[in-house]
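Asks: Dropping a prediction and its sequence here:
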There are 2 protein chains.
Amino acid sequence: MYNRIYNFSAGPSMLPVPVLEKARDEMLNCRESGMSVMEMSHRSKVYDNIIKEAEAALREVMSIPDNYKVMFLQGGASMQFANIPMNLLKTGKADYIVTGQFSGKAYKEAQKYGDIHLAATTKDENFTRIPRQEELDLRPDADYVHICFNNTIFGTKWNYIPETNGVPLVADMSSCILSEPVDVSKFGLIYAGAQKNVAPAGLTIVIAREDLLREDLPEYVPTMCNYATMAANESMYNTPPCYPIYICLLVLNWIKELGGLEAMKKINENKAAMLYKCLEESKLFNNPNDVASRSMMNVTFRAEDDEINAKFVKESTAAGFSNLKGHRSVGGMRASIYNAMPTEGVQALCEFIKKFESENL
Amino acid sequence: MYNRIYNFSAGPSMLPVPVLEKARDEMLNCRESGMSVMEMSHRSKVYDNIIKEAEAALREVMSIPDNYKVMFLQGGASMQFANIPMNLLKTGKADYIVTGQFSGKAYKEAQKYGDIHLAATTKDENFTRIPRQEELDLRPDADYVHICFNNTIFGTKWNYIPETNGVPLVADMSSCILSEPVDVSKFGLIYAGAQKNVAPAGLTIVIAREDLLREDLPEYVPTMCNYATMAANESMYNTPPCYPIYICLLVLNWIKELGGLEAMKKINENKAAMLYKCLEESKLFNNPNDVASRSMMNVTFRAEDDEINAKFVKESTAAGFSNLKGHRSVGGMRASIYNAMPTEGVQALCEFIKKFESENL
């Protein structure tokens, strides 16, 4: 009815239609306030309810323990690449595991601030898998261990939580947050740019164990980058990204109505299994990754012949599947099938793959 | 028709109804893309057009010279309070003029990074006026001079551009950008949180003379805080705040349709003159500020009796005027009459003030 298409963008990406409909319907007057959420003072009673409901819903949906602070920040994961070492380094040592482009950027940025050790990488295997526990060269006296939980570009995911023997584990969950239940208590800090599974771009969620946060940081740390200050002010040290937080609340309510993250996981597992099965059966396309490291959110595939890949991108776009072209560092195709991608979208893609294959084998 | 109210919030604040209507109508399918702007890859052709149109419209509306870079950033003015010294200090010296709360915060934050000199302040006059040129104790070898062009809380404005004798002038224009024409060439850098006159919260505009930007900053400066890097990547170093940039474009198009900033200024001057005249004629309420320093965007007023102020806030709220309560550091009332506040809203407020006065004198 809206002439919507199946949008396989890696991010920003699809939002649930009921969320967009509600945002549309409330655009000029939200909650009988006589104004749009975009026009509300962040200190107003109506908006205060919205941000508090968003935090409460996130805590409920993710089962976040009480000793974790939730922050609604700005700057994306890229800003956190600096904020994390600026806030968490005490001895000055941190261990990074590099499993793709963003964990590589995080590793590089952290080097500005301390003794940063590359604990493991699968770069020489083109990031087709996540390292195994026994491959991790972790230092017992590091202030934290950093991982990227789901690698958007390469389509891999940590399908286990690494044992760090008491060293806080920090995870970038930008492209998998809210896709399935996760035991928050196993992490020191979780962060995520919202623009894949939570809300529009411009909101970054940080969930941090409160004992890791402290006000007394090096003098050069901008106040806006001080997690303890942001947490103490309940994300209201200055004007927060109000509208993305509102959309985040609508998305969380949508997840709750579906049955929470257990239900979300079942839907996502089913979508991913359908697409991986289609690729396993394909004689034309192949997913290059280790089966144990497969992402449930980003599925890469390619034909050996790059002309076939280009033809697939062109024809799939014409058929109403958008953003299937893979990242330039990987080539081929990538289907990002986040929470808001309906099962029918993945079914339609599988059918298209089969049809394309029958015409091009 | 939407049960909208007159919202005098200091920010986030009103957006033009035609902008909200367009955003509503395009919520599920923008520009025949089959998706919301919130769902678009920031690297897509459709979104690339949106951000380029937004920059072009800003350049056109503000007559920004070609040797200035335009950046769409995150973090609000508060983030720039650190970014400015981190990027612009070379000798390590900067001069700050403190005319209210936000310029005070900027001054305090800058002290982390160098030899920061208080060149003037009107604090001991409760910020009721802007200092005169001859009161400014400027250092000829400073790297820049920082001012807040319009003081949201105290309702004052720089109604002249200070002479800095070649030292770059940096101005926070969060609460007056786009309210009237400004000669950008007189400034080294202009910045503004968007949530008052431009777009929803979560977007910060920085306009900087390109010779002031450099990549080689101190090691501790986060990459996301490096203006040269952001400018070189045309605000796409990482995912920008896509939706606020889209709303910014719609607002700029609305200003263009009105006739640009000259026309906007006439409308704003008329609204402000109407309200100041009403207050001058009032026997109950008073605007405390120096006439030459009056803000065109934020008009403060109060009765001597605080019970009257409280009664006014209560009754005006009940009558459909929201957010008229003054900031706690000033007391009384404040009417923020940004671009999107219609003339009828100010007329209605003036009538309400007169009616209230007749009932309470």
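Replies: Done, it's in. Residues are numbered from 1 along each chain as shown, chains lettered A, B, ... in the order given.
Asks: Quick check: residue A:208 is in a strand.
Replies: Yes. With DSSP: H, G, I helix; E, B strand; the rest coil as the criterion, residue A:208 is part of a strand.
Asks: what's the burial count for it?
Replies: Using other Cβ atoms under 10 Å in any protein chain shown, residue A:208 has 26 other residues around it. Every residue, glycine included, has its C-beta placed from N, CA and C.
Asks: and after the top helix by length along chain A, which helix or strand comes next?
Replies: Ranked by number of residues, the top helix in chain A under DSSP state H is helix A:260-281. Toward the C-terminal end, the helix or strand that comes next after helix A:260-281 (DSSP states H and E) is strand A:285-286.
Asks: could you say what helices and strands that next one packs with?
Replies: Here strand A:285-286 touches strand A:298-303, going by 3 or more Cβ pairs under 8 Å, 6 or more residues apart in numbering or on different chains; DSSP states H and E.
Asks: near chain B, anything from the strand it packs on?
Replies: No. Strand A:298-303 does not reach chain B (Cβ under 8 Å from any Cβ of the partner chain); its nearest approach is 13.3 Å.
Asks: what does that strand rub up against?
Replies: The contact list for strand A:298-303 (Cβ atoms under 8 Å, 6 or more residues apart in numbering or on different chains) reads A:10, A:150-155, A:175, A:272, A:275-276, A:279, A:282, A:284-289, A:309, A:312, A:326, A:330-337.
Asks: buried subset of these?
Replies: The neighbour-count criterion (16 or more other Cβ atoms under 10 Å in any protein chain shown) marks A:10, A:150-155, A:175, A:272, A:275-276, A:279, A:282, A:284-285, A:287-289, A:309, A:312, A:326, A:330, A:332-337 among these as buried.
Asks: Name the nearest residue to residue A:212, ignoring sequence neighbours.
Replies: Spatially, and ignoring its direct neighbours in sequence, residue A:212 is nearest to residue A:188 (5.4 Å; Cβ to Cβ, 6 or more residues apart in numbering or on different chains).
Asks: these two touch, right, that neighbour and residue A:147?
Replies: No. Shown here, residue A:188 and residue A:147 do not form a contact pair, counting by Cβ atoms under 8 Å, at 11.3 Å.
Asks: Have a look at these two and say which one is more surrounded.
Replies: Taking other Cβ under 10 Å, residue A:188 and residue A:147 do not tie; residue A:147 has more neighbours (28 against 22).
Asks: and residue A:114, how many neighbours does it have?
Replies: For residue A:114, the neighbour count with other Cβ under 10 Å is 18.
Asks: what residues does the stretch 101-250 of chain A put near chain B?
Replies: With Cβ under 8 Å from any Cβ as the criterion, the stretch 101-250 of chain A meets chain B at residues A:109, A:112-113, A:193, A:195, A:199-203, A:218-220, A:222-225, A:237-244, A:247.
Asks: Which members of those are positioned in strands?
Replies: Among those, DSSP state E puts residue A:193 in strands.
Asks: of the residues of the stretch 101-250 of chain A next to chain B, buried ones?
Replies: Buried by 16+ other Cβ under 10 Å: A:109, A:112-113, A:193, A:195, A:199-203, A:220, A:222-225, A:237-244, A:247, out of these.
Asks: Stretch A:24-42 close to chain B?
Replies: Yes. Counting by Cβ under 8 Å from any Cβ, chain B has neighbours in stretch A:24-42: A:24, A:27-29, A:32-42.
Asks: Who wins on neighbours among these?
Replies: Ranked by neighbour count (other Cβ under 10 Å), the residues of stretch A:24-42 next to chain B have residue A:35 at the top, with 30 neighbours.
Asks: With adjacent residues omitted, what lies nearest to that one?
Replies: Distances taken as Cβ to Cβ, 6+ apart place residue B:7 nearest to residue A:35, at 5.1 Å, with adjacent residues excluded.
Asks: ok so, going back, list the ones among the residues of the stretch 101-250 of chain A next to chain B that fall in helices.
Replies: Among those, the members falling in helices (DSSP H) are A:109, A:242-244, A:247.
Asks: Contact partners for residue A:82?
Replies: A:109-110, A:112-113, A:225, B:222-225.
Asks: That one belongs to a strand?
Replies: No. Counting by three-state DSSP, residue A:82 is not part of a strand but helix.
Asks: confidence score at it?
Replies: What the model reports as pLDDT for residue A:82 is 98.
Asks: Residue A:225 versus that one, what's the distance?
Replies: Residue A:82 is 7 Å from residue A:225, where distance means Cβ to Cβ, to the nearest Å.
Asks: now residue A:1
Replies: 44 Å.
Asks: which residue sits closest to residue A:34 in space, ignoring its chain neighbours?
Replies: Spatial nearest neighbour of residue A:34, chain neighbours left out: residue B:5 (3.3 Å); criterion: Cβ to Cβ, 6+ apart.
Asks: Surely that neighbour touches residue B:321?
Replies: Yes. Between residue B:5 and residue B:321 there is a contact under Cβ under 8 Å: 7.3 Å.
Asks: Who has more neighbours out of those two?
Replies: residue B:321 (22 against 19).
Asks: excluding its backbone neighbours, what's nearest that one?
Replies: Nearest non-adjacent residue to residue B:321, counting by Cβ to Cβ, 6+ apart: residue B:6, 5.1 Å away.
Asks: residues touching that neighbour, list them.
Replies: B:320-322, B:341, B:345, B:348-349.
Asks: taking the residues you listed as a set, which two sit the farthest apart in space?
Replies: Pairwise distances across the contacts of residue B:6 peak at 13.5 Å for B:320 and B:341 (criterion: Cβ to Cβ).
Asks: Name the residue in the two with the higher neighbour count.
Replies: Shown here are residue B:320 and residue B:341; by other Cβ under 10 Å, residue B:341 has more neighbours (23 against 15).
Asks: and the more buried one, which of the three is it?
Replies: Secondary structure assignment for residue B:341 (three-state DSSP): coil.
Asks: pretty sure the residue nearest to residue A:35 contacts residue A:38?
Replies: No. In this structure, residue B:7 is not within contact of residue A:38 by Cβ under 8 Å, at 11.1 Å.
Asks: Where do the helices of chain A begin and end?
Replies: For chain A, the helices defined by DSSP H occupy A:17-25, A:45-62, A:76-88, A:101-110, A:227-232, A:242-258, A:260-281, A:306-318, A:343-360.
Asks: Just the buried residues of stretch A:11-28, please?
Replies: Buried, per 16+ other Cβ under 10 Å, within stretch A:11-28: A:11-17, A:19-20, A:22-24, A:26-28.
Asks: ok, now stretch A:140-151?
Replies: Neighbour-count burial for stretch A:140-151 [16+ other Cβ under 10 Å]: A:142-151.
Asks: do stretch A:155-164 as well
Replies: Using 16+ other Cβ under 10 Å as the burial criterion, the residues of stretch A:155-164 that qualify are A:155-158, A:162, A:164.
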